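**Q** structure for the following, please:
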Amino acid sequence: MAASVLVTGGTGFTGGRLCVKLAGLGYRVRTVARAPEKAAALQAAGVEVVRGDLKDRDSLLAAADGCETVYHIAALFRQEGVPDAEFRAVNVAGTLNILEAARARGARRFVHCSTVGVHGHVSRIPADENAPFNPGDAYQESKVEGEERARDFFRTRGLPGVVFRPTGIYGPGDLRFLKLFRHIKSGRFRMIGRGDAYYHLTYIDDLTDGIVLCGTHPRAPGNVYILGGARYAPLRELVETIAEALGVSVSRMRIPFAPVYAAAFLCEKVCRPLGIEPPIFRRRVDFFRKDRAFDISKAKRELGYAPRVGMPEGIRRTADWYRAQGLL
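**A** Numbering: from 1, shown residues only. Below you'll find the predicted structure:
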């Protein structure tokens, strides 16, 4: 009989693709959703969708019943207007709830999704799993605490567990990079700063391959792994690759970083007390300054992780999907 697994976050991009991959590998897959009726695509792929919420421990106990492995992918991602306490309620307290449910129902392995965002701006590149934590906002702080709680739970409560930290996730189905693609396609894109900050992408299919390895490889429990693409690149290369996939050219004009960052700071100071979302804010401007470049050799060496989709091909596939959906 096929093993049963539970995936949290199945209605999100990464969790949904993981559900479909696991089902294709022959697992009996269950996921929790606050609105199961909105998960018809997962159900069509053979995934069992049950009602549940990370804040509702009883719903998680029911969902984890009979599942040998729990893949905890769900999280509250950064967005404007969310109180700091809500990030902790989902990403810390919610993580503890699903850990308790997994242990109570006899799970044999727990795979926890963290993020390379726990390292914030990387001062020495490429950073590996031992790089210091350096969170830059409430979301990243909550992910640090959630990961620390998970690792402590694995050590003290007898639940075999693995942590993985993905780099920037993209691919067909993801919308987080859509704004950047649209801006480049419009011809109005201007690089803020020199464009030499490093960014590290992970194509979704490569990532889900790595997550499955975390859930199945005998060497994985007790470890932390960074999962990313085969290489990182400066932002100017990423922008040029997107432009090529879209068939447009990019202006060589650059905007100095400091005045844009100062303007973002002033916008936040003025808009937030009035309940208005700032037109620009520092976190987005920091995208053009912070280095995010990582070493994936531990996952390659210990798990056999082998990303196959390079950035040009992954960007092309993503652009094609955006076009097919009428988004570009």
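**Q** how would you label Leu18: helix, strand or coil?
**A** State at Leu18, reduced to three classes by DSSP: H, G, I helix; E, B strand; the rest coil: helix.
**Q** the closest residue to it other than its chain neighbours sits in which helix or strand?
**A** Spatially, and ignoring its direct neighbours in sequence, Leu18 is nearest to Thr208 (5.0 Å; C-beta to C-beta, 6 or more residues apart in numbering). For glycine as for every other residue, the C-beta is placed from the backbone atoms N, C-alpha and C. Element membership for Thr208 (DSSP states H and E) is helix 204-216.
**Q** could you give the mean pLDDT of that helix?
**A** Average pLDDT, helix 204-216: 98.
**Q** run through who's touching that helix.
**A** Residues from elsewhere that reach helix 204-216, judged by C-beta atoms under 8 Å, 6 or more residues apart in numbering: 5, 13-14, 17-18, 21-22, 25, 69, 71, 73, 109, 111, 113, 162, 164, 166, 169-174, 220, 225, 227, 229, 299, 303-309.
**Q** where in the protein is the helix or strand with the lowest mean pLDDT?
**A** helix 282-286 (a mean of 80; mean pLDDT, DSSP states H and E).
**Q** so which other helices or strands are in contact with the helix or strand that comes right after it?
**A** Per DSSP H and E, the first helix or strand lying C-terminal to helix 282-286 is helix 297-303. Where contact means 3 or more C-beta pairs under 8 Å, 6 or more residues apart in numbering; DSSP states H and E, helix 297-303 is packed against helix 204-216, strand 224-227.
**Q** repeat that for 10 Å
**A** strand 161-166, helix 204-216, strand 224-227 (3 or more C-beta pairs under 10 Å, 6 or more residues apart in numbering; DSSP states H and E).
**Q** which of these sits closest to Glu237?
**A** helix 204-216 (18.5 Å; C-beta to C-beta).
**Q** can you pull the buried residues of that closest one?
**A** Ile204, Asp205, Asp206, Leu207, Thr208, Asp209, Gly210, Ile211, Val212, Leu213, Cys214, Gly215 (16 or more other C-beta atoms under 10 Å).
**Q** that one to strand 161-166, inter-axis angle?
**A** 170 degrees (axes from the mean of the first three to the mean of the last three C-alpha atoms, to 10 degrees).
**Q** chain center to helix 204-216: distance?
**A** Centre-to-centre, helix 204-216 and its host chain are 13 Å apart (C-alpha atoms, centre = their mean, to the nearest Å).
**Q** ok, now stretch 315-328?
**A** On the basis of C-alpha atoms, centre = their mean, stretch 315-328 sits 20 Å off its chain's mean C-alpha point.
**Q** do the same with stretch 300-310
**A** 18 Å.
**Q** pLDDT below threshold where in the stretch 1-150 of the chain?
**A** 1, 79-81 (pLDDT under 70).
**Q** distance-wise, check the nearest residue to Val122 once chain neighbours are set aside relative to Ile184.
**A** Using C-beta to C-beta, 6+ apart and skipping the chain neighbours, the partner closest in space to Val122 is Asp291 (4.7 Å). Taking C-beta to C-beta, to the nearest Å as the measure, Asp291 falls 21 Å from Ile184.
**Q** again, but for Ala263
**A** 21 Å.
**Q** look at these two and report which has more neighbours.
**A** A direct count of neighbours by other C-beta atoms under 10 Å for Ala263 and Ile184 places Ile184 higher, at 24 against 16.
**Q** which residues touch the more buried one?
**A** 238-243, 245-246, 248-251, 319, 328 (C-beta atoms under 10 Å, 6 or more residues apart in numbering).
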